[in-house]
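> Prediction below, plus the sequence it came from.
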Amino acid sequence: MAGLFCFFVSTDNHYVFAGPTVLFDEGHGQRFIVAGSNELDLTRLASTFTDAGYTVRTTKNKLATDMLADVDVLVISGAFDPLEGDEVETIHAFLGRGGRLCVMLHIAPPLTGLMHRFGVVASSSVIRETSHVIEKDPLNFYVTQLATSPLFEGIGRFALYGGWALNPEKDNVTTIATTGPEAWVDLNGDKRFGEGDARQAFAVAVAGTLGSGRFVIFGDDAIFQNKFIKEENLILAGNLVKWLE
């Protein structure tokens with residue numbers, strides 16, 4: 001709820017007040033952080049949580065069971081270093097007992113193990129779109145193919161700035177947003193569409209359940225960065241916070 005005061009606690013960067021708790025992971029090489037003031041940081045996303053009554057925490061430590069004991073939502077955005085196997089199992093158990101998870105990819109490899117545990121595979125290269133392109137850059141585009149979901153209430157599109165295709169491989173995971181049918185992934189690295197490249201509608205956001213918990217994975221972390229969290233992306237952020245409650 002708007003107007004609440006946050007108090008900074010030096011240990012592990014806690015902003016403390018009553019309400020549910022969201023923990024932002026910053027222990028896996030993240031370069032875009034909650035406390036930063038740069039255009040690619042996550043300050044405005046964190047404020048969206050605090051405005052909704054959340055306590056916002058960050059941690060640079062290894063994710064562990066005791067750390068998540070009083071956490072309602074875990075956010076992993078823009079990881080550059082891989083999660084260790086026991087961290088993946090900790091997150092799996094966290095979801096199993098009712099936790100909620102939001103993952104946003106900057107590069108896919110560091111989160112391959114986590115996503116595989118949940119039945120999601122990412123592409124080996126970013127998507128290039130041919131429709132709804134932003135400023136003539138095929139890496140940046142509006143996503144207009146949206147499933148009926150509380151996440152997309154009040155919007156008909158959102159902007160994506162360099163995203164990975166996601167492929168759900170288990171029944172507990174559902175595609176909720178896709179590119180157009182002529183989008184493609186450059187499999188041979190020549191930045192031109194040709195034989196051997198993949199062209200189809202690609203999932204860019206998936207959502208799933210595990211035990212009594214739920215998770216959402218976005219193939220892009222820029223969606224909620226300070227520079228881009230505006231217009232439809234800002235509404236999406238507000239919907240995301242509600243969905244994670």
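That came in fine, so what should we check first?
> show me what contacts residue 88?
Taking C-beta atoms under 8 Å, 6 or more residues apart in numbering as the contact definition, residue 88 lies against 113, 114, 117. In this view, the C-beta of every residue, glycine as well, is placed from N, C-alpha and C.
> can you put these in TSV and add neighbour count?
TSV is the format used below for the contacts of residue 88 (neighbours: other C-beta atoms under 10 Å):
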residue	neighbour count
113	14
114	22
117	16
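> mind listing which of those are in helices?
Per DSSP state H, helices hold the following members of those: 113, 114, 117.
> which secondary structure element contains the nearest residue to the first one once chain neighbours are set aside?
Spelled out, it's residue 113. Distance criterion C-beta to C-beta, 6 or more residues apart in numbering; nearest residue to residue 113, sequence neighbours excluded, is residue 88 at 5.3 Å. Assigned by DSSP states H and E, residue 88 falls within helix 85-96.
> Look at the residue nearest to residue 113 and report its pLDDT.
Looking at residue 88, its pLDDT is 98.
> ok, it to residue 82 distance?
As judged by C-beta to C-beta, to the nearest Å, residue 88 and residue 82 stand 9 Å apart.
> To what extent is residue 180 buried, counted in neighbours?
17 (other C-beta atoms under 10 Å).
> Would you enumerate the residues in contact with the nearest residue to it once chain neighbours are set aside?
Residue nearest to residue 180 in three dimensions, not counting chain neighbours: residue 131, with 4.5 Å by C-beta to C-beta, 6+ apart. Neighbouring residues of residue 131 by C-beta under 8 Å, 6+ apart: 141, 180, 182.
> Quick check: the gap between residue 131 and residue 177.
15 Å.
> Buried ones in stretch 56-71, by neighbour count?
56, 57, 58, 59, 63, 67, 68, 71 (16 or more other C-beta atoms under 10 Å).
> Please read the previous query as pertaining to stretch 174-189.
Using 16+ other C-beta under 10 Å as the test for burial, stretch 174-189 gives 175, 176, 177, 178, 179, 180, 183, 184, 185, 186.
> Can you name the two of these that sit furthest apart?
176 and 186 (24.5 Å; C-beta to C-beta).
> Read off the pLDDT value for the residue minimising distance to the centre of the chain.
Residue closest to the mean C-alpha point of the chain, counted by C-alpha atoms, centre = their mean, is residue 104 at 2.5 Å. The per-residue pLDDT reported for residue 104 equals 98.
> which residues does it contact?
With C-beta under 8 Å, 6+ apart, residue 104 has these contacts: 75, 76, 77, 78, 217, 218, 220, 221, 223, 224.
> Tell me the bridge partners for the first one.
Beta-bridge partners of residue 75, counted by DSSP bridges, are residue 24, residue 102.
> so it makes contact with residue 26?
No - if you go by C-beta atoms under 8 Å, residue 75 and residue 26 don't touch, sitting 9.8 Å apart.
> Pretty sure residue 241 sits in a strand.
No - read with DSSP: H, G, I helix; E, B strand; the rest coil, residue 241 is helix and lies in no strand.
> And it, how far from residue 84?
In this view, residue 241 and residue 84 are 28 Å apart by C-beta to C-beta.
> from the buried residues of stretch 174-189, which is closest to residue 145?
Distances from residue 145 to the buried residues of stretch 174-189, taken by C-beta to C-beta, are shortest for residue 178, at 4.4 Å.
> OK, contacts around that closest one?
Residues near residue 178 by C-beta under 8 Å, 6+ apart: 143, 145, 201, 202, 203, 204.
> circling back to that earlier point, format the buried residues of stretch 174-189 as a markdown table; extra columns: pLDDT.
Formatted as a markdown table, the buried residues of stretch 174-189 follow (pLDDT from 0 to 100):
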| residue | pLDDT |
| --- | --- |
| 175 | 98 |
| 176 | 98 |
| 177 | 98 |
| 178 | 98 |
| 179 | 98 |
| 180 | 97 |
| 183 | 97 |
| 184 | 97 |
| 185 | 96 |
| 186 | 91 |
